[in-house]
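>>> sequence unknown, structure follows:
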């Protein structure tokens, strides 16, 4: 049995912990926030956040989402689902919440230095293996650009999408949203309804697909099929894969 450290209690961290526990290893999960969920954790989610894909595609294969969830669950529902997943597979006793990992050093095994953010005490521990499951969106990023400071000094406000918690952040305001990925278009949609004006500014457009084709057909039936998959080139496809995907 090995002692495994997992950094992050989001989707990948929870799934990794479950896999190691099922194989008989000792697991400790380090989570900086006060709750699990990663980007779905309440303090890091923005107003109106919901999944891009339907509940069936977003669920773990061995733990389906509740059947009474809507097709596109809200952020709160996703976090509740992840909490239920952690409870069902007995992951909660293995999580150290409010704990920040400061330093890792490899000397035969892994030496981890971490801080309890409630007591501000520093600790260290040894592990055989460390899995970093912090994801790519764990740190909000706001670029600085020309005129940034003068805009703030003139009374303007620059915030990250994760800081949009209430309608008051957008209501009756002239809003510019930078970016064209999920959070940008979500916030722009809210700002178009709540704000005085809304401009969506981006360098490169991306595909945007409606939830329903012609307001009737759920896009999952058009996108998540062998026929649609055939349009996406894979590095290597066997003859059988090419034949299977071309037949739908």
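Thanks, I have the structure now. All figures in this text were calculated on a predicted structure; none of them were measured in a lab.
>>> going forward, measure contacts between C-alpha atoms and count neighbours the same way
Will do.
>>> who touches the residue most central in space within the chain in this structure?
Taking C-alpha atoms, centre = their mean as the criterion, residue 39 is the residue nearest the geometric centre of the chain, at 4.1 Å. Going by C-alpha atoms under 8 Å, 6 or more residues apart in numbering, residue 39 touches 10, 45, 137-138.
>>> Max pairwise distance over those: which two?
The most widely separated members of those are 10 and 45, with 12.9 Å between them, by C-alpha to C-alpha.
>>> These two: which has the busier surroundings?
Neighbour count, other C-alpha atoms under 10 Å: between residue 10 and residue 45, residue 10 has more, with 23 against 20.
>>> for residue 174, phi and psi?
When read as degrees, to the nearest 10, the backbone of residue 174 gives phi -90, psi 110.
>>> Quick check: it touching residue 193?
No: using C-alpha atoms under 8 Å, residue 174 makes no contact with residue 193, being 11.7 Å away.
>>> Which neighbours do those two have in common?
Counting by C-alpha under 8 Å, 6+ apart, nothing touches both residue 174 and residue 193.
>>> helices or strands up against the helix or strand where residue 28 lies?
Using DSSP states H and E, residue 28 maps to strand 26-30. The contact analysis (3 or more C-alpha pairs under 8 Å, 6 or more residues apart in numbering; DSSP states H and E) places strand 26-30 against strand 3-7, helix 11-22, strand 95-96, strand 99-107.
>>> I'd like the mean pLDDT over whatever helix or strand comes next after it, please.
Next in sequence after strand 26-30, counting helices and strands by DSSP H and E, comes helix 55-58. Averaging pLDDT along helix 55-58 yields 92.
>>> how far out from the middle of the chain is helix 55-58?
With C-alpha atoms, centre = their mean, to the nearest Å as the basis, helix 55-58 stands 14 Å off its chain's centre.
>>> quick check: angle from the helix or strand just after that helix to helix 11-22?
Under the assignment DSSP H and E, the closest C-terminal helix or strand after helix 55-58 is helix 75-88. Relative orientation of helix 75-88 versus helix 11-22 (axes from the mean of the first three to the mean of the last three C-alpha atoms, to 10 degrees): 10 degrees.
>>> any idea of the mean pLDDT in helix 75-88?
Across helix 75-88, pLDDT averages out at 98.
>>> do the same with stretch 133-150
Mean pLDDT, computed over stretch 133-150, is 88.
>>> From one end of it to the other, what's the distance?
38 Å (C-alpha to C-alpha, to the nearest Å).
>>> next one: stretch 96-112
The stretch stretch 96-112 measures 14 Å between its terminal residues, going by C-alpha to C-alpha.
>>> Now do the closest residue to residue 116 other than its chain neighbours against residue 35, distance only.
Nearest residue to residue 116 in three dimensions, chain neighbours excluded: residue 99, at 4.7 Å (C-alpha to C-alpha, 6 or more residues apart in numbering). Using C-alpha to C-alpha, residue 99 is found at 11 Å from residue 35.
>>> With residue 158 instead?
27 Å.
>>> quick one: which of the two has more around it?
Taking other C-alpha under 10 Å, residue 158 and residue 35 do not tie; residue 35 has more neighbours (19 against 14).
>>> who are the neighbours in contact with that one?
41, 97.
>>> Same check on residue 41?
35, 79.
>>> Likewise for residue 134?
Counting by C-alpha under 8 Å, 6+ apart, residue 134 has contacts 7-10, 13, 38.
>>> if we go to 10 Å?
6-13, 31-32, 38-39 (C-alpha atoms under 10 Å, 6 or more residues apart in numbering).
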